[in-house]
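> Below are the sequence and a predicted model for it; my questions follow.
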Amino acid sequence: MVGASTAFVALAALCWGLSGGIGGILMADGWDAFVVSFYRGLIGLLVVLAWLMWRPRGSGLASPQLWFWSTIAGLGVAGNFAFYFASIAQGSVAVAATLMYCAPVFVYLVSFALKLESPTAPKWAAIAVVMLGIALLTQIYDIGASGVTPIGVGAGLLAGLSYAVFIFGFKYAAPHGSPQAILSIAFAVLAAVLFWPGDADQMATVLTTPHWPLFVALGVLGAGLSFVLYIIGLRHTAPAVASIVAMVEPVTASLFGVMVLHESLVGPQILGMGLILVTVTALSVHSRSVPPPADLTTP
């Protein structure tokens, strides 16, 4: 059971990594980032609603606390999807995925501010190493560097911050209902939030475009099946193991960007990526403040 659960976590991370690449393909063909994000969440909503109908017991849908915290989680995942694809559109899949992987750093900073986690010298040192990795990855030191824009960097970091909001929302909603109920509310909120800023013409065109199989794949892999697999996998997987296995996502996204989208990374960027992935994984492994159901270190 433990081996199968770890495989579920790995598959979820693989799906998330592929979803970044699929989103990159769609946006390279002219699709708006908000439209891509909306349909990713909408199709994911259909999947988790099917899960909720299959396992309706203990949903907690009558609990006001469940609705409140699930709504917070929905706002977080809406920001995560939108900022992630905006970062890809303004930069590259590899940079966007790695910046988003910084979400646990934001969780630590918020935990410090709310006094949920005790700040220590090793934790501050780890955060400083991540900041160094971000500087190398984004080439912020090189004014003439091409391929990474300030908007892309900002959007990537905001994607990580948004996912931190989702983590806290999911954490506080978990005692009041089932994961499938929380995700159903969260994705419904996402669909409501992202519908308005999206291009209206493209929203309607998706239904008849030849690209619709990519949209379906994006929603199923990036928001539906992946979240189901990850939550089921966490039931019998130690958070430390899940954090390490979750590195599959940014690695998969980066390889997809390089091999399929023909993106490129220079030496310092690869070094920065390595610093971020190793340090963030170490932070997640040693974190004891976030319980397993909310230890979602990958989007």
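Happy to help now that I have it. Residues are numbered from 1 along each chain as shown.

> low-scoring stretches of the stretch 151-299 of the chain, by residue?
Across the stretch 151-299 of the chain, the ranges flagged by pLDDT under 70 are 238-243, 286-299.

> Report all helices and strands that the helix or strand that Ala159 is a member of contacts.
In the assignment (DSSP states H and E), Ala159 maps to helix 150-173. With contacts taken as 3 or more CB pairs under 8 Å, 6 or more residues apart in numbering; DSSP states H and E, helix 150-173 sits against helix 64-90, helix 93-100, helix 103-113, helix 121-138, helix 179-195. In this view, the C-beta of every residue, glycine as well, is placed from N, C-alpha and C.

> What distance do you get for Arg179 to Ala78?
Not quite, residue 179 is Pro, not Arg. Taking CB to CB, to the nearest Å as the measure, Pro179 falls 18 Å from Ala78.

> To clarify, my last question referred to Met273.
As for Met273, its distance to Ala78 is 26 Å (criterion: CB to CB).

> what distance separates the helix holding Ala159 from the centre of its chain?
On the basis of CA atoms, centre = their mean, to the nearest Å, helix 150-173 sits 8 Å off its chain's mean C-alpha point.

> Going by neighbour count, list what's buried in it.
Buried residues in helix 150-173, counted by 16 or more other CB atoms under 10 Å: 152-173.

> what's the answer for stretch 65-80, then?
66-67, 69-80.

> which of those lies closest to Gly219?
Nearest to Gly219 among these: Val77, at 13.1 Å, using CB to CB.

> Quick check: chain neighbours aside, which residue is closest to the closest one?
Leaving out its chain neighbours, the residue that sits closest to Val77 by CB to CB, 6 or more residues apart in numbering is Phe166, at 4.7 Å.

> and the gap between the one you found and Leu46?
Distance of Phe166 to Leu46, given as CB to CB: 19 Å.

> Over to Ala128?
Ala128 is 43 Å from Leu46, by CB to CB.

> show me the contacts for Ala73.
Ala73 makes contacts with 165-166, 169-170, 173, 182, 185-186, 189, as judged by CB atoms under 8 Å, 6 or more residues apart in numbering.

> Please tabulate these in JSON lines, including the columns distance to Ala97.
Listed next are these as JSON lines, based on distance: CB to CB, whole Å:
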{"residue": "Val165", "distance to Ala97": "19"}
{"residue": "Phe166", "distance to Ala97": "16"}
{"residue": "Gly169", "distance to Ala97": "22"}
{"residue": "Phe170", "distance to Ala97": "21"}
{"residue": "Ala173", "distance to Ala97": "26"}
{"residue": "Ile182", "distance to Ala97": "24"}
{"residue": "Ile185", "distance to Ala97": "26"}
{"residue": "Ala186", "distance to Ala97": "21"}
{"residue": "Val189", "distance to Ala97": "24"}
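
> The residues you listed: which two are farthest apart?
Spanning the widest gap among the contacts of Ala73 are Val165 and Ile185, at 14.7 Å by CB to CB.

> quick one: contacts for the closest residue to Ser70 other than its chain neighbours?
In space, not counting the residues next to it along the chain, Ser70 is nearest to Ile185; the distance is 3.7 Å by CB to CB, 6+ apart. Applying CB under 8 Å, 6+ apart to Ile185 gives the contacts 66-67, 70-71, 73-74.

> What is the nearest of those residues to Leu11?
Sorting the contacts of Ile185 by distance to Leu11 puts Ala73 at the head of the list, at 22.2 Å, by CB to CB.
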